[in-house]
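>>> From the sequence below, what's the structure:
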Amino acid sequence: MPAYDFVTVNVFTAERFGGNPLAVFPDASGLTDAQMQDIAAEFNLSETTFVLPPADTRHHARVRIFTPKTEMPFAGHPNVGTGYVLARLAGDPPEHYVFEELAGLVRVHILRDPAGAISGARISAPRSLTLEIAVPAEIVAACTGLAESDITSETHAPIVASVGTPFVIAEVASLEALSRARPVTAAFEDAAPRFPSLSGRFNVLLYARRGESLIQLRTRMFAPLAGVPEDPATGSAAAALAALLTSLAPGDNVDLHYEIEQGAEIGRPSQIVASASKTGEGPVQATVSGNCVPVGRGTLEV
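Residues are numbered from 1 along each chain as shown. Prediction:
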């Protein structure tokens with residue numbers, strides 16, 4: 001019976017058992033699509049990653065990302081965590097990795113602490129910001145158990161934004177309202193068919209500002225249709241949020257860094273740094289970074 005090694009890490013945290021858990025299979029060669037999906041369902045984490053040889057030898061790996069129910073074209077904490085795991089296993093890793101993914105190429109920069117130890121990673125989103133359809137506030141409210149008055153359109157109306165994976169992004173009026181949000185699966189099931197361009201990925205990111213700061217935010221992300229009722233930390237959504245807010249900032253040449261908290265409501269406090277830049281001539285590009293903590297390793301028989 002074939003056996004595959006795996007490593008588990010907590011991502012977007014410096015504390016063990018905080019952040020977002022991730023399972024990484026550093027050599028998944030020989031696994032079928034169905035087996036990868038079954039393994040992700042078995043781990044039942046927000047995502048599990050499978051590392052394969054790249055199609056182009058100029059790149060370092062092909063990385064596939066699965067939730068318990070579906071494959072993702074791109075995701076943040078899986079890339080940060082996978083880069084961290086591969087760098088630690090390599091011993092003397094390169095400064096950058098390039099991963100091939102369904103959404104495109106993901107560049108991963110390995111981070112080190114002041115003592116030189118590998119501490120995390122910063123990733124560049126594979127695509128520039130795209131803004132799609134607006135989503136009625138009443139749908140967002142229904143999906144998240146809030147009143148329509150809790151959703152604010154002062155900065156922007158609820159909208160689908162993506163830098164590789166689409167999210168419905170909506171601002172709520174206060175941290176108190178954010179704390180009351182709950183995923184309502186039936187409302188998600190009703191809403192998803194109304195937005196066929198999302199290919200069934202009707203995932204909602206809510207955010208609120210922490211005080212008067214424009215760059216200090218708290219977020220929550222709900223994706224029950226993907227088997228993730230609430231995600232402890234969502235790097236791809238944080239990158240899309242940073243790109244969206246930067247696109248709306250005044251000026252043609254803007255580079256902003258956002259400090260984002262997520263996961264405290266479900267006992268997995270996470271810290272994400274998301275950055276985005278724009279120029280008058282070009283698209284909005286985003287990165288996301290964070291620390292990682294090793295948790296365990298083992299072997300899975302398939």
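>>> drop to CA atoms for contacts and neighbour counts, all remaining ones
Noted.
>>> List the contacts of stretch 267-279.
11-13, 17-20, 232-233, 235, 238-239, 242-243, 246-247, 252-264, 284-290 (C-alpha atoms under 8 Å, 6 or more residues apart in numbering).
>>> Kindly recompute the last result at 6 Å.
With contacts defined as C-alpha atoms under 6 Å, 6 or more residues apart in numbering, stretch 267-279 is touched by 12-13, 18-19, 232, 239, 242-243, 252-263, 284-290.
>>> Now, those that are in helices?
If you go by DSSP state H, the contacts of stretch 267-279 have 239, 242, 243 in helices.
>>> from these, which single one is nearest residue 193?
Nearest to residue 193, judged by C-alpha to C-alpha, of those is residue 239 at 25.5 Å.
>>> Pull the contacting residues for that closest one.
By C-alpha under 6 Å, 6+ apart, residue 239 lies in contact with 274, 286, 288.
>>> Could you check how many residues crowd around the second one?
So that's residue 286. Residues within reach of residue 286, counting by other C-alpha atoms under 10 Å, total 30.
>>> picking that back up, what's the ChimeraX syntax to select whichever of the contacts of stretch 267-279 are buried?
Buried subset of these, written as a ChimeraX selection, criterion 16 or more other C-alpha atoms under 10 Å:
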select :12,13,18,19,232,239,242,243,255,256,257,258,259,260,261,262,263,284,285,286,287,288,289,290
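>>> and the contacts of stretch 267-279, which of them are in strands?
254-262, 285-290 (DSSP state E).
>>> Identify the farthest-apart pair in those residues.
The widest separation within the ones in strands among the contacts of stretch 267-279 (C-alpha to C-alpha) is 24.8 Å, between 254 and 262.
>>> any chance you could read off phi and psi for residue 216?
Backbone torsions of residue 216, given as degrees, to the nearest 10, read phi -100, psi 120.
>>> how many other residues sit next to it?
Counted with other C-alpha under 10 Å, residue 216 comes out at 16.
>>> Could you give the bridge partners of the residue lying closest to it once chain neighbours are set aside?
Counting by C-alpha to C-alpha, 6 or more residues apart in numbering, residue 216 lies nearest to residue 259, which is 4.9 Å off, once chain neighbours are set aside. Note on residue 259: beta-bridge partners residue 216, residue 273, judged by DSSP bridges.
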